[in-house]
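Peer 1: how would this look folded up:
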Amino acid sequence: MTVTSDSRPAQLPLTDVLKTLRTFAAEVDREGRFPAESVDALRSANLFAAAIPTALGGGGLSLTALARVARDLGAECASTAMIFVMHQSQILSIVRHGGTPTSDALLRRIAADQPLVASATTEINIGGDVRSSSCAVEYDGDRIHLAKTAPVISYGEYAEIVLATARRTVDSPPSDQVLVVCQKPDVTLERTSNWDTLGFRGTCSPGFQLDAVADRSSILRDNYGEISSQTMLPVAHVLWASAWLGIADAAVSKSRKFVRKAASKTPGVTPPSALRLAELFVAHEQLVDTVFGAAAKFEAIADSPEELGSIGFAVKINNVKVTASTLVIDIVGKAMQICGISGYREDGDFSIGRHLRDAHGSAIMVSNERILAHNSQLALLYKGK
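Peer 2: Here you go, the predicted structure:
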């Protein structure tokens, strides 16, 4: 790494970050291990502070800019891309819903040290409904205690900070939720399950029993309902979709190279697979438009809590996740058909296997069925266009 004139390490270029991801992606997938080398590269490029305002020492990137980075990462290693985007959704939740000296100090620390920030919004026995909590914050003067059984905490063992949802008090209803910043060493995670999955294997997302103590000021200012609807959910859906677009990019790129190779063997004759490639471009462009159209929409209303909290926006941002996950599965599947046995093999330049397995994870994580069921309820109330 080069060094600047003031003796601080220079920021690692994104091209070098992508090279690292490319080098270790297959190994991370094969071994189902945490992509430590790639995460270190992200840290060296200051990418874990990308969404933090420049006034607090971060990069100040817009959602569209973050989406572009996530897309590039997803084309090389989907697991690393998902770690990046899940981290950013937590960072933006603090940025947009902290607004206190404590949260600002936390953001300055993250900008300086680049620790990973994870999320514990799911809970055993609540049916996958992140807008409902069973666990509750317990108070002892200015200190609080939280115990939570989470079925999934992505990269939890490697995160220094976990944002956890809980009922505001032991007397609060399940929907009265807050978001608590739990920081090591004051939070312990006891693993309760393993993570051996078809795709996104490097995200290392087993279940944990979380036990944390913190200051009362570690509870973010806004209630979790507002945090979720105005930031965490839309940012997550846009950035997840961006990472999945990267998966699609990789599959389309391999398909294009395969068809060109076939065309080079019969000059002047268009191979039959070229028609399939043209069809693939249509679906790919739909995914591009879905991702960046949603990012632009969020940015246009980012300072309007009323619009962000509207039924219409909730339906649209849910549709982004469903549409993107459906398209990436379709695109990668078609890419395998184009590449044929070369795409089916695991040992060639045209292998599609890892992309296919990762793509199918997009529809499983926060199940499309659950999202569509929620949208079906919203549709009965929605009167807009």
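Peer 1: Show me where the stretch 101-250 of the chain has its strands.
Peer 2: When assigned using DSSP state E, counting those that start in this stretch, the strands of the stretch 101-250 of the chain occupy the ranges 117-120, 138-140, 143-150, 161-167, 177-183, 187-191, 208-215.
Peer 1: Can you redo those as JSON lines, where the extra columns are mean neighbour count and distance to Ala296?
Peer 2: Placement of C-beta: from N, CA and C, glycine included. What follows is those, written out as JSON lines (neighbours: other C-beta atoms under 10 Å; distance: least, C-beta to C-beta, whole Å):
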{"stretch": "strand 117-120", "mean neighbour count": "26", "distance to Ala296": "25"}
{"stretch": "strand 138-140", "mean neighbour count": "12", "distance to Ala296": "42"}
{"stretch": "strand 143-150", "mean neighbour count": "19", "distance to Ala296": "33"}
{"stretch": "strand 161-167", "mean neighbour count": "24", "distance to Ala296": "26"}
{"stretch": "strand 177-183", "mean neighbour count": "24", "distance to Ala296": "27"}
{"stretch": "strand 187-191", "mean neighbour count": "16", "distance to Ala296": "36"}
{"stretch": "strand 208-215", "mean neighbour count": "19", "distance to Ala296": "36"}
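Peer 1: Quick check: the residue nearest to Val130 when sequence neighbours are not counted vs Gln230, distance?
Peer 2: Sequence neighbours aside, Thr121 is the residue nearest to Val130 in space, at 4.5 Å (criterion: C-beta to C-beta, 6 or more residues apart in numbering). To Gln230, Thr121 is 15 Å away according to C-beta to C-beta, to the nearest Å.
Peer 1: re earlier: who are the contact partners of the residue nearest to Val130?
Peer 2: 130, 163-165, 232 (C-beta atoms under 8 Å, 6 or more residues apart in numbering).
Peer 1: May I have the phi/psi pair for it?
Peer 2: phi -100, psi -10 (degrees, to the nearest 10).
Peer 1: Give me the helix or strand of this protein that scores worst on average pLDDT.
Peer 2: None of the helices or strands of the chain scores lower by mean pLDDT, DSSP states H and E than helix 368-379, at a mean of 89.
Peer 1: how about the strands of the stretch 101-250 of the chain in CSV, adding mean pLDDT and distance to Lys257?
Peer 2: CSV is the format used below for these (pLDDT from 0 to 100; distance: least, C-beta to C-beta, whole Å):
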stretch, mean pLDDT, distance to Lys257
strand 117-120, 98, 37
strand 138-140, 97, 58
strand 143-150, 97, 42
strand 161-167, 98, 41
strand 177-183, 98, 45
strand 187-191, 97, 41
strand 208-215, 98, 42
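Peer 1: quick one, which of these is nearest to Ala25?
Peer 2: Of all these, strand 117-120 sits nearest to Ala25, with 21.2 Å by C-beta to C-beta.
Peer 1: Direction included, what does the closest one pair up with?
Peer 2: strand 161-167 (parallel) (DSSP bridges).
Peer 1: Pull the distance from the partner strand to the chain's centre.
Peer 2: Using C-alpha atoms, centre = their mean, to the nearest Å, the distance from the centre of strand 161-167 to the centre of the chain it belongs to is 17 Å.
Peer 1: the inter-axis angle of that strand versus strand 187-191?
Peer 2: With axes from the mean of the first three to the mean of the last three C-alpha atoms, to 10 degrees applied, the angle from strand 161-167 to strand 187-191 works out at 90 degrees.
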